[in-house]
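Participant: Sequence isn't available, so here's the structure alone:
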């Protein structure tokens, strides 16, 4: 049973943002510090990637571990109420992520996923960006 009313839960859920989240802003800060220049939220690309590097044809998605089911992550826990609804919701998110990745790769884009739990460590973000974005240009 939920500890808050359904109206309160609805209000809480509606406050969850999809753009300019703390993890996304952290990735942007590190990318900028590395001298990488990027564009944000290109709506003409499948899935509207969070960051893109047009000259490198690289798209980055900064995924929340909970919503996009980061396998093995402690933040990808399952709710205890309305279980069937949430399982369907999470599965549709994962299926959409796979479809979007495939569409971008078929268009010749390299796709990188950075998970929310990885954004807590700036060095880890820098390593990911350097290895997967900078090395792609070499």
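Facilitator: Great, that's in hand. Worth saying up front: this structure is predicted, and the values here are computed from it rather than measured.
Participant: Residue 78 belongs to a strand?
Facilitator: No. Applying DSSP: H, G, I helix; E, B strand; the rest coil, one finds residue 78 to be coil, outside a strand.
Participant: Tell me the spacing between residue 63 and residue 8.
Facilitator: 26 Å (CB to CB, to the nearest Å). For every residue, glycine as well, the C-beta is placed using N, CA and C.
Participant: So for these two, which residue has more residues nearby?
Facilitator: Legend: neighbour count by other CB atoms under 10 Å for residue 63 and residue 8, higher for residue 63 (21 against 11).
Participant: For that one, give me its contacts.
Facilitator: With contact set as CB atoms under 8 Å, 6 or more residues apart in numbering, residue 63 has these partners: 70, 97, 113-116.
Participant: Give me the subset of those lying in helices.
Facilitator: If you go by DSSP state H, these have residue 97 in helices.
Participant: Quick check: residue 90 touching residue 71?
Facilitator: No. Using CB atoms under 8 Å, residue 90 makes no contact with residue 71, being 11.6 Å away.
Participant: hang on, the earlier thing: going by distance to residue 20, which of the contacts of residue 63 wins?
Facilitator: residue 116 (14.0 Å; CB to CB).
Participant: phi, psi of residue 61?
Facilitator: phi -110, psi 130 (degrees, to the nearest 10).
Participant: Check what pLDDT the residue nearest to residue 90 when sequence neighbours are not counted gets.
Facilitator: Nearest residue to residue 90 in three dimensions, chain neighbours excluded: residue 69, at 5.3 Å (CB to CB, 6 or more residues apart in numbering). Confidence at residue 69, expressed as pLDDT, is 94.
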